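Visitor: here is a sequence with its predicted model. Questions after.
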Amino acid sequence: MLPEKPSSGIWRPLPYRCLTGHRNPFKLDIGTPWLRRGEHVDPPRVRQPGGITGFFREETMCGRYTLHHSIAAIADYYDVDHVTVAPRPRYNIAPGQPATVIVQQAQRTVEAFRWGLIPFWARDARIGNRLINARAETVATKPAFRAAFKRRRCLLPASGFYEWRQTASGKVPTKVPIYVCPPDQRPLALAGLWEEWLSPEDEVVHTCTIITTAANELLAPIHPRMPVILEPPAAFSWLAADTSRENLQALLQPYPSPRLTAYPVSTRVNAPGYDAPDCIEPSPPPGE
């Protein structure tokens, strides 16, 4: 059922397929928004720097992160039972690339899933390009995420993450990459969801997304959103199958500012293919 039509103007419902990729408008209840007659919706597109536009063209955060801690350190910190991958140190993980995840089924296991969630019902894998993030406020109800929120939660280990700060340096506004990490260099766990999708070629594809929430005091001047960061034992509650929806939702809060530091880094990180330790080295912003 469509939501109530706005009271003024001449409106039409937004085409279903613009929102989900589905042809069948009766397959899912998406809460279709309305547009004025004559308006149209541009398809989602890649935006650089900072990753890919979110579902319904929402602002993306986070769109890049790092993981240079050893897999042994991750397994020990998050009490992992089994490790199936041996990832190399990463300094610029971008959407569409393999992401190290911790999932809990029979055992708590470290796996590698593609970053960009493909819902199990999707017809086209390209929808994953738009689903690199899920908003904490709606993750339990959005069709793309609600099934995974109930049954397929994960952690994405990270050493830190990037965001881009708008500056007015010079005649043209620029975006300065900012690296955010714990000052004591301990590993982080970003709250996420994962899915299992069967391609038209019968290939099983595992994908994931990162959940975001409102920014804390440290990050609010840079960006209004930040990834949800969970520490033990909250991280273990997030993975547990018997955690209630109310308790899960309560975990999705901004991370305390004193536990993070942020500093500008080189614009080399803007290129998704560039992945080297100098990505996280402090670099003065242009004009300073």
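Guide: Perfect, I can see it now. Numbers count the residues shown, from 1 in each chain.
Visitor: sketch out the low-pLDDT regions of the stretch 101-250 of the chain for me.
Guide: In the predicted model, the stretch 101-250 of the chain carries pLDDT under 70 at residues 168-173.
Visitor: all helices for the stretch 101-250 of the chain, in order.
Guide: Remark: helices assigned in the stretch 101-250 of the chain by DSSP state H, counting those that start in this stretch are 146-151, 234-239, 245-251.
Visitor: list the buried ones in the last one?
Guide: Residues of helix 245-251 classed as buried by neighbour count (16 or more other Cβ atoms under 10 Å): 248, 251. (Each C-beta comes from the backbone N, C-alpha and C, glycine too.)
Visitor: now the element after that helix, going C-ward?
Guide: Sequence order places strand 261-264 as the next helix or strand after helix 245-251, per DSSP states H and E.
Visitor: contacts for that next one, please.
Guide: Applying Cβ atoms under 8 Å, 6 or more residues apart in numbering, the contact partners of strand 261-264 are 165, 176-183, 218-219, 222, 282-285.
Visitor: make a markdown table out of the helices of the stretch 101-250 of the chain and add distance to residue 84.
Guide: Output for the helices of the stretch 101-250 of the chain, formatted as a markdown table (distance: least, Cβ to Cβ, whole Å):
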| stretch | distance to residue 84 |
| --- | --- |
| helix 146-151 | 20 |
| helix 234-239 | 16 |
| helix 245-251 | 25 |
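Visitor: nearest to residue 92, out of the ones you listed?
Guide: helix 234-239 (24.0 Å; Cβ to Cβ).
Visitor: show me what that closest one packs onto, helices and strands only.
Guide: In terms of contacts (3 or more Cβ pairs under 8 Å, 6 or more residues apart in numbering; DSSP states H and E), helix 234-239 is packed against strand 98-104, strand 153-158, helix 245-251.
Visitor: which of those sits closest to residue 236?
Guide: strand 98-104 (8.3 Å).
Visitor: restrict that closest one to CA atoms and write it as CSV.
Guide: Output of strand 98-104 as CSV, limited to C-alpha atoms (Å, rounded to 0.1, in the frame of the first residue of the first chain):
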residue,chain,number,x,y,z
PRO,A,98,36.7,-7.9,-0.6
ALA,A,99,36.0,-7.0,3.0
THR,A,100,37.1,-9.1,6.0
VAL,A,101,34.0,-9.9,8.2
ILE,A,102,33.3,-11.8,11.4
VAL,A,103,30.1,-13.9,11.3
GLN,A,104,28.6,-16.2,13.9
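Visitor: quick one, it and strand 153-158 angle?
Guide: 130 degrees (axes from the mean of the first three to the mean of the last three Cα atoms, to 10 degrees).
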